[in-house]
Every structure is written in structure tokens, then in C-alpha cells.
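Enquirer: Based on what follows, work out the 3D shape:
(chains A and B)
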There are 2 protein chains.
Amino acid sequence: MQNFSFHNPTRILFGQGQLANLAAEIPAGARILITYGGGSVVKTGTLDEVKTALKDFTLLEFSGIEPNPTYETLMQAVELARRERIDFLLAVGGGSVIDGTKFIAAAIPFEGDPWRILSEHAAVVSAIPFGAVLTLPATGSEMNNFAVITRREGNDKLAFASPLIFPRFSVLDPTRTYTLPPRQVANGVVDAFVHIVEQYLTYPADAKVQDRFAEGLLLTLIEEGPKALQTPQDYAVRANLMWTATLALNGLIGAGVPQDWATHMLGHELTALHGLDHAQTLAVVLPAMLQVRRTQKRAKLLQYAERVWGVRDGDEDMRIDAAIQRTREFFEALQVPTRLSDYGIGTEAIPALVAQLERHGMVALGEHQNVDLVESRQVFELAA
Amino acid sequence: MQNFSFHNPTRILFGQGQLANLAAEIPAGARILITYGGGSVVKTGTLDEVKTALKDFTLLEFSGIEPNPTYETLMQAVELARRERIDFLLAVGGGSVIDGTKFIAAAIPFEGDPWRILSEHAAVVSAIPFGAVLTLPATGSEMNNFAVITRREGNDKLAFASPLIFPRFSVLDPTRTYTLPPRQVANGVVDAFVHIVEQYLTYPADAKVQDRFAEGLLLTLIEEGPKALQTPQDYAVRANLMWTATLALNGLIGAGVPQDWATHMLGHELTALHGLDHAQTLAVVLPAMLQVRRTQKRAKLLQYAERVWGVRDGDEDMRIDAAIQRTREFFEALQVPTRLSDYGIGTEAIPALVAQLERHGMVALGEHQNVDLVESRQVFELAA
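Expert: Purely as a prediction, here's the structure:
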């Protein structure tokens, strides 16, 4: 096991009806900016319920945070929050709204151009406290301290992290996910799945607990993901998916083990240049990445084949092939296609994707820091 | 899944050499009381290393915290800390030292008789901040917010909990456990094992992640426990055991599921009246408890048999018998006997044990709150 530091102070309020406990989590007298995306939290009534729960506070609203939250939009919220002396933020939505709110929280007190937080990893020395009401289980943003932000100008999709951007609390009510469109449910399952894989499918590190926790989360997604599409209002299914997605990326399974994240980095460029959903990019890149990196990941691929997919027959290469194929079939069964061509992207698009990776310094990715541009090109080509 | 609130703000510094990062975790200028037990931390040099790491702080020491920490001893530390205006505590040792330090932390600012924290569950409204350097993986006290304290007068062993008694940080360096006596290593494995069982072996609650995490921890103990006795200086083994014991009782696997703790309650009386090690009491009580409660625990016992022990043959009752027998054999293989008679305790001792349970109000235990004194007596008799 590698040395690690683990700290996660976010309080989770899990279960149906937990919105009733919202007010107690926010300092009395706070001036709150409620942030959200499109109109779904309005339509479902969640926004109204939040406002009712917080009727004793000063409330302002900022809507319009996009599925891949943009710097341009978020800076409007920053200006509003500064002008209105906001001292608490409440994100109501999915990972994009929470990621965006993390950036707003860090940018409000930032001196100078807040883009530097992303472009230069400028230190975040303070941030406005915030909480979240999660409506879409997927990214794990509700219980971690990083965020991914897009700048329209330049097609940049960049990440930042800080101990100051853990949510103070997150409300996870599985019933809030009943009305999600199937595409978002499926995306969430794929997103969580790949988060786990990026922290698990590397090389053995004598970390038995982390491995078994990762495998337990993957097995749960495999069992519950299809059910969530078939029976959308099954509370137990939604609860298991919601808690799994949170634990997939809250620092726990990644503590003390090597991590990869190459699939995410390639996927980000697909979203930036072609507008694919984040999960769609992961479904496209992961099977190809596992194929290209099968030698470096050999031992863990065999473990994955056996413990996650129950593949025990055939020689080692056959078992690895089977595990990669089962992964692809799982995504496809969730109606998330796994080929670039499924999204109308031809091989002619690959040079520009590789050029974007180079421009963003993504030239030494993966758990061994040796996925270079040549290998990334191979991955895109294999995903064609 | 049941509704839950989960919050665990303890920072974990895990791995060899992490003691070097100790000073950065404590507020500058703190007046620190270092608390420890017998002389083992002196003999191993850990105490000296701690003092070297904290040379820029004002340091006082309090030693002599017992394996089952007593109110009488701890109150001496409280008096010392009050007199010396201590504002930070550092526990160096195992779960008993950390449990004792939690009580000291809560008792220092307590108005009135601090015994009321235990006897009446008087509210803890403030506590002195503290950290821990763990030398014995077992209780999970290094990352949770409860403690068990014994009062010599009256043979009372009572627990308390408060959000204010999470350690600020805990240093977990597996190499510090190399020199532990085998009995303490084995006790630690049994203790962690039973902590997990108390949160897992109840009844199904549609909590797939919690179940799989619990099973992953149990499997790790089963694999690594015996190795820790055979090859005491295997870093990977000690690291896996240490992290497993912490995760066994940090609130995570118990969030959203029913819990039992009847085995612990019966065990506490065995320690209080007969002085058995805590883990010895659990090894005695658990197999008998599972036998007595096999009807109520049937579904989870079958899951436990299959997923933890790989028992798939025979009818349901045979599989349950096998799982209980394998559990007993696991404890025995660690040299922790599982019968009262192994400790020289005859059936004539049982009435006094049951009377103690009654005196402590332990008359409706277990996940269904229906393990009454009659059933507790059956458990003791079956454990004879």
C-alpha cells in the first residue's frame, strides 16, 4: 500500500425526506445563493422545496449552469455573489452544478483573474462555504474536493482541487432521481463505473481493502444499473446507485493505490471538441484504453475479469478479452454507445483530438505516466 | 437502505514515516498532554520519536492508561490537564489509550461530575482537541467518535459518543505494529472482525455497498490475520490489517443498515467481572450468539456463509452451521479461545453476568431490540 493522507469532512444526509434537515446545516442569518442548471429542478418541485426549507434565510438564485459548466457562465454568478455579499452557496442539481458551484466558491474571494485557478493551478486560499442537494448520481462531486470547468473560448476543459472546496454537506435523497431521463441515469452509471476503474485497474499495490471496495462498487453498478432503467421508481435500486456513485470518487478507494485517469483526459477532449456527454466519452475511450494498455494492466485485468465479471475460463489473454468485451457490452446495454462512429465522429477527427491533448500538456498519462500522444492516438483509432 | 447521516472529519496519515508530519497537524503554540499506557511506547522508541517530532511545543506526559481504561485513572489526567492549562491531547497507543483520551478531552471542560457523561449520557458541549498515534490496530477508535470506559468501583464498563470526540488526525504507521505481542495482534484481528459482524450480520436492508464493503473487510482479515502472526514484519500484511481495523468501525459500513452490538454488550460484562481481554470476550460470545439468533439472522447468515466463507454445499441449516463453525475455527487458529471454560469460567458464573446486564439496562439488545435476559443467559450457557 502506498502512503496516503485521507480527509473527507463532508456530511452526508442520505435518504428520503432529508431535505427537511437542510436549514440546520446552514449558519443562521446566511445570505444564500442557490445555484442550479436548466429548469428540471424547477419542474420537479425540488427548487420550491429547497426554498421552503430555507424560508428563514435571505435567498438569491442563479440558474443556467450548463452540463459542462463554463467559466463564462460561472463568472456571472461570481459577480452576482460579490455584489450581493453572499456568504453561503447551495448547489441544487448534479455534478455539473456542484462543480460549477465549487468554482464560484473559490472565485468569489480570489484576488486577480480566477481563470488562473484552472490555467495555472493558482492556490485557493479561501472559499465561500457551500452545500449541495444532489439530484443526479454520477460524478461524486457531492463528496469530494475537485471540479472540472470548461472555457468556451479555447475549448479548454480543466480541473482544479482544494481542501477548501469540500461541500459542508450534501443531501442525497434517492427519490429525487426518479424523474431523471434514462440517458442521464445511464450516463451516471457509466461515469461512476469509470471513476472506479480509474482507481482500480492499474497495477497491484498490496491494497486488499481498496481493491475489494472497488470491486464491490462495480458489482453494485452492474446489478443495479440496468434495474434503474427498467424500474425507475425502485427506491432500493436508486439508493444503492446514489451511494455507490458518491463512494466511487470521495477519495476512499483511491487512497494508497496508483491511479490512472487517462481515459478521463482523452474523454475531456471529446467533449470539448465534439460536445459528447462526459459519460459517452468514457464509454468510448475505456474499452479501447484497456486494450491498448493490456500489458501494463495485465495483473489487474485478470483480477477484474474474475472478481467483477466472474470470468474464470480460458487462458489469460482470453479472460482479458472477455473482461473488456463484457465492459463494452455493459455500457451498450445501458444505451451508451462505445464507438466514435456511433456519434458520427470519423477518424479524420483524431489529429485535432491529439493536438488538444498536446496543447493541454496531456503527454504522459496513466498510472505509469507513459501514455504518450502516440498511445493516445492508438486509443482513439481503436475506438473509431 | 435506511436513512442516515454520515460525517467523519478525522484526517488519516497512513504509512511508514508519517510521524514526520505530526507537527503540522497541531496548532502552533499548543500545550500538549501526551497520553499513553504502559511502557511499550517507551520501549519501542515511539514516544521518543513523537517528542522529537513535537520539540517546538510545550509537552507534558500522562502514562498508565490501562487496557480497559478506568475512570479513576483518567480523572487524574483530567486534573493534570486542567492544572497545566493543556489545550491539545495526543494519544500514543491503541484503542484503550485513544478511548481514554476521548474521555479526558470531554471531561476537562465538563461542568459537574464527568462520570455523568457515561452514567447519564450527559451532553458533551465542548472538548479539548486531540490527535492519535496508533500502535495497535483493533478498535477503530482512531477514526470514530465513541469510547468505552470502565469504572473500577461498581465494575461498570460504559460507552459514550459525541461529534466532538473525533480525533483531529490519526497517524497510522504499520511498522509501529511489528513488535506487538502475538496475543495483541490476534486480539486486534478478532476485535475488528466482530465490529464488522455487528454491523453486517443482522437482516437484509437493501444495502449492497455496505454489505460488500463489510464482506471485503472480513475477507481481508481472514487472509491477512494469520499471516500477521506468521510473518510479523510483512509491511503489506500489517498495512492491510491496520486500514481494515480502522474502516471496520469508522461509521462507513454501519451507515444505513441495522446494527446489533449484543455480542459486545455481553462481552463487556465478561471483562468487567472476569478480566478477559475485550477480544477474548467477543470470541467467546459471537459463535454462541449467532447460534442462538440463527432464526432472526438467517438470510444474512446464508449470505455470510457463501460470500465470506465460500460455503455453498449442503442445505441452508448445514451452511449456517458451517459458517458459525468456520468463524469459531478462525478465532481458535489465531489462538483466541472461544469457550468460557478455556478461561476457567464455569457455568456458576452466569447468573452474576446476567445480573450485571440487567443492572446496566441491557435487557433488549440486538438489531431487533429483543435479545432479553433469557436469551443472553442462553448465549452464555452455549458458550460454556
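
Enquirer: How about the secondary structure of A:Leu13?
Expert: strand (DSSP: H, G, I helix; E, B strand; the rest coil).

Enquirer: Just give the nearest non-adjacent residue to it, would you?
Expert: Leaving aside its sequence neighbours, A:Leu13 sits nearest to A:Val171 (Cβ to Cβ, 6 or more residues apart in numbering or on different chains; 4.9 Å). From N, CA and C alone the C-beta is placed, and that goes for glycine too.

Enquirer: Can you give the distance of the helix or strand hosting A:Lys51 from its chain's centre?
Expert: Using DSSP states H and E, A:Lys51 maps to helix A:46-53. Taking the mean of its C-alpha atoms, helix A:46-53 sits 25 Å from the chain's own mean (Cα atoms, centre = their mean, to the nearest Å).

Enquirer: Quick check: next helix or strand after that helix?
Expert: By DSSP H and E, the next helix or strand past helix A:46-53 is strand A:58-62.

Enquirer: so what does that next one touch, helix or strand wise?
Expert: strand A:31-35, helix A:71-83 (3 or more Cβ pairs under 8 Å, 6 or more residues apart in numbering or on different chains; DSSP states H and E).

Enquirer: Return the distance of the following helix or strand past the last one from the chain's centre.
Expert: Think helix A:71-83. Next along the chain after helix A:71-83, taking DSSP H and E as the criterion, comes strand A:88-93. How far strand A:88-93 lies from its chain's middle: 17 Å, per Cα atoms, centre = their mean.

Enquirer: relative to strand A:58-62, how tilted is strand A:88-93?
Expert: Inter-element angle recorded for strand A:88-93 and strand A:58-62: 50 degrees (by axes from the mean of the first three to the mean of the last three Cα atoms, to 10 degrees).

Enquirer: same for strand A:88-93, what does it pack against?
Expert: Helices and strands touching strand A:88-93, by 3+ Cβ pairs under 8 Å, 6+ apart, are strand A:31-35, helix A:40-43, helix A:46-53, helix A:95-107, strand A:130-134.

Enquirer: Summarise which helices and strands the shortest one is packed against.
Expert: Right, helix A:40-43. Packing contacts for helix A:40-43, counted by 3+ Cβ pairs under 8 Å, 6+ apart, involve helix A:46-53, strand A:88-93.

Enquirer: Contacts only, for A:Val371.
Expert: Shown in contact with A:Val371 (Cβ atoms under 8 Å, 6 or more residues apart in numbering or on different chains): A:262, A:293, A:364-365.

Enquirer: Burial check on A:Ala214, number of neighbours?
Expert: A:Ala214: 29 surrounding residues under other Cβ atoms under 10 Å in any protein chain shown.

Enquirer: Please work out the angle formed by the directions of the helix or strand hosting it and helix B:208-230.
Expert: Taking DSSP H and E as the definition, A:Ala214 sits inside helix A:208-230. Counting by the same axes, to 10 degrees, helix A:208-230 points 160 degrees away from the direction of helix B:208-230.

Enquirer: buried set for helix A:208-230?
Expert: A:208-222, A:224-226, A:228-229 (16 or more other Cβ atoms under 10 Å in any protein chain shown).

Enquirer: Same check on stretch A:286-304?
Expert: Across stretch A:286-304, burial judged by 16+ other Cβ under 10 Å covers A:286-293, A:296-297, A:300-304.

Enquirer: how does chain A divide into domains?
Expert: Split into domains by automatic domain parsing, chain A comes to A:11-176, A:181-382.

Enquirer: Put together CSV for the ones you listed, with mean pLDDT on each row.
Expert: Converted to CSV, these look like this (pLDDT from 0 to 100):
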stretch, mean pLDDT
domain A:11-176, 96
domain A:181-382, 97
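
Enquirer: mind putting the helices and strands packed on strand A:88-93 in JSON lines, distance to B:Ala123 included?
Expert: Putting those into JSON lines (distance: least, Cβ to Cβ, whole Å) gives the following:
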{"stretch": "strand A:31-35", "distance to B:Ala123": "29"}
{"stretch": "helix A:40-43", "distance to B:Ala123": "37"}
{"stretch": "helix A:46-53", "distance to B:Ala123": "26"}
{"stretch": "helix A:95-107", "distance to B:Ala123": "33"}
{"stretch": "strand A:130-134", "distance to B:Ala123": "25"}
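
Enquirer: So which residues of chain A form helices?
Expert: Using DSSP state H, the helices of chain A run over residues A:40-43, A:46-53, A:71-83, A:95-107, A:115-119, A:182-200, A:208-230, A:235-247, A:262-274, A:278-292, A:298-307, A:316-333, A:350-359, A:373-382.

Enquirer: For the second one, which helices and strands make contact with it?
Expert: Helix A:46-53 sits against strand A:31-35, helix A:40-43, strand A:88-93, with contacts defined as 3+ Cβ pairs under 8 Å, 6+ apart.

Enquirer: Run the angle between the first one and helix A:95-107 for me.
Expert: In terms of direction (the same axes, to 10 degrees), strand A:31-35 departs from helix A:95-107 by 140 degrees.

Enquirer: Which strands and helices lie in contact with strand A:31-35?
Expert: Against strand A:31-35 (3+ Cβ pairs under 8 Å, 6+ apart) you get helix A:46-53, strand A:58-62, helix A:71-83, strand A:88-93, helix A:95-107.

Enquirer: Could you export these as a markdown table, including mean neighbour count?
Expert: As requested, the helices and strands packed on strand A:31-35 are exported to a markdown table (neighbours: other Cβ atoms under 10 Å in any protein chain shown):
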| stretch | mean neighbour count |
| --- | --- |
| helix A:46-53 | 17 |
| strand A:58-62 | 17 |
| helix A:71-83 | 18 |
| strand A:88-93 | 28 |
| helix A:95-107 | 29 |
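
Enquirer: Turn these into a markdown table, columns for distance to A:Pro337.
Expert: Supplementary listing: those in a markdown table, determined by distance: least, Cβ to Cβ, whole Å:
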| stretch | distance to A:Pro337 |
| --- | --- |
| helix A:46-53 | 30 |
| strand A:58-62 | 34 |
| helix A:71-83 | 28 |
| strand A:88-93 | 25 |
| helix A:95-107 | 21 |
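
Enquirer: on that earlier part again, between the helices of chain A, which one is closest to B:Phe380.
Expert: In terms of Cβ to Cβ, the element of those nearest to B:Phe380 is helix A:208-230, at 33.8 Å.

Enquirer: That closest one near chain B anywhere?
Expert: Yes. Counting by Cβ under 8 Å from any Cβ of the partner chain, chain B is contacted by helix A:208-230 at A:208-209, A:212-213, A:215-217, A:219-220, A:223-224.

Enquirer: Can I get these in TSV including distance to A:Thr281?
Expert: Output for those, formatted as TSV (distance: Cβ to Cβ, whole Å):
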residue	distance to A:Thr281
A:Lys208	31
A:Val209	30
A:Arg212	28
A:Phe213	25
A:Glu215	24
A:Gly216	26
A:Leu217	21
A:Leu219	24
A:Thr220	23
A:Glu223	25
A:Glu224	23
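
Enquirer: Next, give me the two most distant ones among these.
Expert: Going by Cβ to Cβ, the pair spanning these furthest: A:Lys208 and A:Glu224, at 24.2 Å.

Enquirer: Would you mind naming what in the stretch 151-300 of chain A lies close to chain B?
Expert: Applying Cβ under 8 Å from any Cβ, one finds that the stretch 151-300 of chain A approaches chain B through A:206-209, A:212-213, A:215-217, A:219-220, A:223-224, A:236, A:239-240, A:243-244, A:247, A:252, A:255-256.
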